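[1] Sharing a sequence plus its predicted fold:
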Amino acid sequence: LLLGCELTASTKSYTFQVDEEDDSDHILALSVVCLTDGAKDECNVVEVVGRNHENQEIAVPVANLKLSCQPLLSLDNFKLQPPVTFRLAAGSGPVHLAGWHRIMHREDASFEEDDDLSEEELPPIMPAKK
């Protein structure tokens, strides 16, 4: 599933959460953070707010965008576990965040196991012709 949201001066945060009774594993991956039409040439700092292993709230800056020098940042599918909040900590935006949401049902086999070939299924390695 694709995910997208926009942070602005009037909407400074967006929270992605799943139903607590849902027993599936959810992965949220952030791909791109970019300034959009109407952005001023100012520092726009986007942070991710989540919880650490002791259930304490932590905020980590993931992007510092400025129209004149870095209007876009690729995060290479930065994986997060919901619930997570994206917050515009500085600047007025608009900043667009794009990524994807994957749902892994626990009763299903792992997608990684489905994609892997066992050693018996690999074709034999042929010697190089000289």
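    Cool, the structure landed. None of these values were measured; they are calculated from a predicted model. Residues are numbered from 1 along each chain as shown.
[2] residues contacting the most centrally placed residue in the chain?
    Against the mean C-alpha coordinate of the chain, by CA atoms, centre = their mean, the closest residue is residue 30 at 1.9 Å. If you count contacts by CB atoms under 8 Å, 6 or more residues apart in numbering, residue 30 has them with 48, 62, 75, 77-78, 80, 97-99. From N, CA and C alone the C-beta is placed, and that goes for glycine too.
[3] Format those as CSV; extra columns: secondary structure and distance to residue 3.
    CSV is the format used below for the contacts of residue 30 (DSSP: H, G, I helix; E, B strand; the rest coil; distance: CB to CB, whole Å):
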residue, secondary structure, distance to residue 3
48, strand, 13
62, strand, 15
75, strand, 12
77, strand, 11
78, strand, 12
80, strand, 11
97, strand, 8
98, strand, 7
99, strand, 5
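[4] Strands along the protein, start to end?
    2-7, 13-16, 25-35, 44-51, 57-65, 72-80, 84-90, 95-104 (DSSP state E).
[5] could I get those strands as TSV with mean pLDDT?
    Shown next, in TSV, are the strands of the chain (pLDDT from 0 to 100):
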stretch	mean pLDDT
strand 2-7	89
strand 13-16	92
strand 25-35	91
strand 44-51	92
strand 57-65	93
strand 72-80	92
strand 84-90	95
strand 95-104	90
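[6] about what we covered before: residues in a beta bridge with the residue nearest to the centre of the chain, which ones?
    residue 78, residue 99 (DSSP bridges).
[7] contacting residues for residue 88?
    Neighbouring residues of residue 88 by CB under 8 Å, 6+ apart: 7-9, 12-13, 44-46, 95.
[8] Tell me the one among the residues you listed nearest to residue 87.
    Ranked by distance to residue 87 (CB to CB), these are led by residue 13 at 4.4 Å.
[9] so what's that closest one up against?
    7, 49, 85-88 are the contacts of residue 13 under CB under 8 Å, 6+ apart.
[10] let's see it at 10 Å
    Listed by CB atoms under 10 Å, 6 or more residues apart in numbering, the contact set of residue 13 reads 5, 7, 47, 49, 85-89.
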